[in-house]
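# everything below, folded, please.
(one chain, ligands or ions: 1)
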Amino acid sequence: MTATILDGKATAAEIKDELRVRVKALAERGVTPGLGTVLVGADPGSQAYVNGKHRDCAEVGIASIRRELPADATQAQLDEVLTDLNADPACHGYIVQLPLPAHLDTQRALEMIDPDKDADGLHPVNLGRLVLGYDAPLPCTPRGIVELLRRHDVALRGAKVALVGRGNTVGRPLGLLLTRRSENATVTLCHTGTLDLAAHTRAADIVIVAAGVPGLLTADMITPGATVVDVGITRVIGADGKGRYTGDVDPEVAEVAGALVPMPGGVGPMTRAMLLTNVVERAERG
Ligand SMILES: Nc1nc(=O)c2c([nH]1)NC[C@@H]1CN(c3ccc(C(=O)N[C@@H](CCC(=O)O)C(=O)O)cc3)C=[N+]21
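Have a look, this model is predicted:
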């Protein structure tokens, strides 16, 4: 058996088509949604991600507001940019590209974002709202995963999910999303302290791996027919000396799984589509 590929790139393209229609309706009301990005330093990976976000915006008609600071920027300079974006009525939501250079205080920066302009859904207030079940912008990667599974009719209600990774951007908030009444999955949150990881993944209908450990999930660790979601993205140097990105799922898993969300072409494009969705939703609320 070879797994059905759940194509995140195609699904993200579908979502962008839907957003284009919503952006047109907003234009008739005289509203242009605006996404801000804050990039500190010149890390090529971060630059590429931010460029991708601006390309996505252009595709659906969202205005982009690009703020860049040098690698040696001070916290005060960063504060000033965030204060500006909080006050800018053309900016409906924005993100601070992570990681920030080590001398800057990431927690302080994230807490300075106006929670109602938090396009990533990672502000402590919004994570708190998610815990409490209040309305909030949702974290993009978790939201993208739930949306991708929903659009491919992978049932969550009653499903046993093994979620590997408890990070702040994926594992922890995804566990919260999947256990809402509207999803009603049963989640086992696994992490580096988990004793027999394979016992948990083998018992699951859906295995989601967001550990950042290349090849962590191998074919012997799943039940044949299970749905597998690869959230890992780690830069490795290949045999040819070139850098490339690799996921957390061993390629042989595709021979055993029933369905696979691959990397690349899975969660990454969905994350970007959800960022756009968060901004359009903010603009729609006025
Ligand atoms: N404040 C903040 N928000 C983020 O959302 C955020 C961040 N910081 N820092 C870095 C990570 C990483 N990230 C990715 C998003 C999409 C792909 C993506 O689309 N990847 C493609 C492959 C690369 C491509 O084709 O461009 C894929 O998986 O198919 C990858 C990585 C968002 N991040």
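
# excluding chain neighbours, what is closest to the closest residue to the ligand within the stretch 101-250 of the chain?
In the stretch 101-250 of the chain, the residue that lies nearest the ligand is Asp120 (4.9 Å; C-beta to the nearest ligand atom). Placement of C-beta: from N, CA and C, glycine included. Once flanking residues are discounted, Asp120 sits nearest to Ile95: 4.9 Å by C-beta to C-beta, 6 or more residues apart in numbering.

# next, count neighbours for the nearest residue to Ile113 once chain neighbours are set aside.
In this structure, Ile113 finds its nearest non-sequential neighbour in His123, 5.4 Å apart by C-beta to C-beta, 6+ apart. By other C-beta atoms under 10 Å, 22 other residues sit near His123.

# residue contacts, Leu26?
Listed by C-beta atoms under 8 Å, 6 or more residues apart in numbering, the contact set of Leu26 reads Thr32, Pro33, Val280, Ala283, Glu284.

# now the strands for this protein?
For the chain, the strands defined by DSSP state E cover 4-5, 34-40, 63-69, 93-96, 160-164, 186-190, 206-209, 227-230, 234-237, 243-246, 259-261.

# burial count for whichever residue of the chain sits closest to the ligand?
For the chain and the ligand, the shortest gap (C-beta to the nearest ligand atom) falls at Gly268, measuring 2.3 Å. Per other C-beta under 10 Å, the neighbour tally for Gly268 reads 20.

# and Ile95, bridged to which residues?
Thr37 (DSSP bridges).

# residue contacts, it?
For Ile95, the contact set (C-beta under 8 Å, 6+ apart) comprises Leu35, Gly36, Thr37, Val38, Lys53, Ala119, Asp120, Leu275.

# surely the third one meets Ile62?
No. Checked against C-beta atoms under 8 Å, the pair Thr37 and Ile62 is beyond contact range at 11.5 Å.

# one step back: so the residue of the stretch 101-250 of the chain closest to the ligand is in contact with Leu275, correct?
Yes. Asp120 lies in contact with Leu275 (C-beta under 8 Å); the separation is 7.1 Å.

# overlap of the contact sets of those two?
Ile95, Cys140.

# quick one: the helices in the protein, in order.
With helices called from DSSP state H, the chain shows them at 8-28, 44-60, 75-87, 106-112, 124-132, 140-151, 171-178, 197-202, 267-285.
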